[in-house]
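J.: Need coordinates for the following:
(one chain, ligands or ions: 1)
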Amino acid sequence: MTAIPATFRAFVATQEGDAASDRAGLGAGEAATPVVTRGVRTFAEADLPPGEVEVRVGWSGVNYKDGLATIPGGKVARINPLIPGIDLAGEVVASEDTAIAVGAAVLAHGHDLGVARHGGYAEYQRVPAGWVVPLPAALTPRLAMAVGTAGFTAALSVIRLEERGLRPSNGPVLVTGASGGVGSNAVGILAGRGYEVWAATGKADEADRLRGIGAAGVLAREEVTGESARPLESERWAGVVDCVGGSTLPYILRTLRRGGTVAASGNTGGPAFATTVFPFILRSVALVGIDSAVVPIAERRATWQRLAGDLRPNGLGDALTEVTLDTLPVALDAILAGRARGRWIVRVGG
Ligand SMILES: NC(=O)c1ccc[n+]([C@@H]2O[C@H](COP(=O)([O-])OP(=O)(O)OC[C@H]3O[C@@H](n4cnc5c(N)ncnc54)[C@H](OP(=O)(O)O)[C@@H]3O)[C@@H](O)[C@H]2O)c1
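T.: Model prediction:
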């Protein structure tokens, strides 16, 4: 028994590698360049995966990973066709779990959503009960998607840094990729907790906004991606939230203070980096990885409660660009091109 209509609207990405091969007249064994077509179409309830909870999706968000899920070679989509969208928030319309009531406001993100299983860019979605997070009372579904996986990742990064002893009194904290989803949320969370937070950005015209949400200072991207022959430089950062990766980690490791930690979550600046062992063996710094997709549900629900409370980002609700299922491609292309300024949120049902 389902409460989802037989058909509904969804944004679908379909990879057509073989068709491209046929069109190009390639011979056997020749590799075809895959083509991904994407757009809104009617989707059948019968084609949704199984799950205990059915949700009428009100809002979703746009993350870098969502962009990757809709391009050839993005290495994110694991089913074809795929409804992308690693975040969703909405209202429960049917539930086989007694702890999750019909009519409840909920959100879900990560796990396989929008990657190996249909995600949030659909008017309805069906998800396992163990992925469902009750919407904290202090958040609307729209604001929850302003946080989204990006803000959840920023919160996890701050939690991991504080688990390793970071406190505002330890010194300044750096956030890289600061204009984007993870970065802006991290600046807002850290500033709200009383840290002296510095924002590194490639967009000079984002400096005022970043100061507005609490950045004490702004660094140009060149400063945090520059190469150096020195394995160690002056100790500067007590902690770092880094979502850029390959191009920033060498600088970060060289400039972390003794005992400092960097929480690394992303690779918009590339996946590979070269460093030395010296920051580790002479300054006891730590490089901690963040994977928001597989956080156990109890910790996920507790982290969301904190995101609505003591980890609520400064400026939450500002710097939002709203798109719909029909206008999604603009946001997906822009995030892949590094043009993020805050968050894009997707009005699905509203
Ligand atoms: N591990 C996890 O669980 C997890 C969860 C969420 C996201 N992520 C990853 O974290 C990263 C950020 O995600 P997001 O959703 O916040 O993306 P986003 O909104 O696009 O933000 C990324 C920011 O990175 C900076 N950037 C872009 N291209 C760059 C380049 N070539 N070199 C250096 N910096 C560049 C830009 O900031 P500035 O212009 O301000 O420098 C951009 O706004 C992605 O790699 C994503 O896959 C990981």
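J.: residues in contact with the residue in the stretch 151-300 of the chain that the ligand sits nearest to?
T.: Here the residue of the stretch 151-300 of the chain nearest the ligand is residue 180; by C-beta to the nearest ligand atom that distance is 1.9 Å. In short, each C-beta sits where N, CA and C put it, glycine included. Contact analysis of residue 180 by C-beta atoms under 8 Å, 6 or more residues apart in numbering lists 64, 150, 243, 268, 335, 340-341.
J.: How about residue 188?
T.: Counting by C-beta under 8 Å, 6+ apart, residue 188 has contacts 154, 213-214, 313-316.
J.: Give me the subset of those residues lying in strands.
T.: Among the contacts of residue 188, no residue falls in strands (DSSP state E).
J.: for the chain, which helix is longest?
T.: As assigned by DSSP state H, the longest helix anywhere in the chain is helix 141-163.
J.: For the next helix or strand after that one, which outside residues touch it?
T.: From helix 141-163 onward toward the C-terminus, using DSSP states H and E, the following helix or strand is strand 173-175. Residues from elsewhere that reach strand 173-175 (C-beta under 8 Å, 6+ apart): 161, 166, 183, 186-187, 190, 195-200, 215, 219, 224, 236-242, 252.
J.: before we move on, the earlier item: dump the contacts of residue 188 to TSV, plus distance to residue 98, pLDDT and neighbour count.
T.: Conversion of those to TSV gives the following (distance: C-beta to C-beta, whole Å; pLDDT from 0 to 100; neighbours: other C-beta atoms under 10 Å):
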residue	distance to residue 98	pLDDT	neighbour count
154	33	98	31
213	40	97	24
214	42	98	21
313	33	97	25
314	38	96	19
315	38	94	20
316	32	96	23
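J.: Tell me which helix or strand comes right after the helix or strand of the chain with the lowest mean pLDDT.
T.: When the helices and strands of the chain are scored by mean pLDDT, DSSP states H and E, helix 17-24 comes last with a mean of 48. Where DSSP H and E defines the elements, the next helix or strand beyond helix 17-24 is strand 36-44.
J.: List the buried residues for that next one?
T.: Residues 36, 38, 40, 43 are the ones in strand 36-44 that count as buried (16 or more other C-beta atoms under 10 Å).
J.: low-scoring pLDDT stretches of the stretch 1-150 of the chain, where are they?
T.: Residue ranges of the stretch 1-150 of the chain with pLDDT under 70: 18-32.
J.: got the residue ranges for the strands in it?
T.: 7-15, 36-44, 53-62, 87-95, 105-109, 124-127, 133-134 (DSSP state E, counting those that start in this stretch).
J.: Let me see the residues that make contact with the shortest one.
T.: Outside strand 133-134, the residues within contact range by C-beta under 8 Å, 6+ apart are 100, 104-109, 297, 300-301, 304.
J.: That one pairs with which strands?
T.: strand 105-109 (antiparallel) (DSSP bridges).
J.: Any idea how far the partner strand is from the middle of the chain?
T.: Taking C-alpha atoms, centre = their mean, to the nearest Å, one finds strand 105-109 lying 15 Å from the centre of the chain it belongs to.
J.: Is that strand positioned near the ligand?
T.: No. Judged by C-beta under 6 Å from any ligand atom, strand 105-109 makes no contact with the ligand; its nearest approach is 9.4 Å.
J.: Spatially nearest residue to the residue in the stretch 1-150 of the chain positioned nearest to the ligand (excluding sequence neighbours)?
T.: Here the residue of the stretch 1-150 of the chain nearest the ligand is residue 64; by C-beta to the nearest ligand atom that distance is 3.6 Å. Of all residues not flanking residue 64 in the chain, residue 335 sits nearest, at 5.5 Å (C-beta to C-beta, 6 or more residues apart in numbering).
J.: That neighbour is in contact with residue 67, isn't it?
T.: Yes. At 4.6 Å, residue 335 counts as touching residue 67 under the criterion of C-beta atoms under 8 Å.
J.: Run a quick check on residue 243 versus residue 179, I expect a contact.
T.: No. Applying C-beta under 8 Å as the test, residue 243 and residue 179 come out as separate, 10.9 Å apart.
J.: Please identify which of the two sits among more neighbours.
T.: Taking neighbours as other C-beta atoms under 10 Å, residue 243 and residue 179 compare with residue 243 leading, 28 against 24.
J.: tally of neighbours for residue 114?
T.: By other C-beta under 10 Å, 31 other residues sit near residue 114.
J.: for it, what are its contacts?
T.: Residue 114 makes contact with 65-66, 69, 82-87, 120-121, according to C-beta under 8 Å, 6+ apart.
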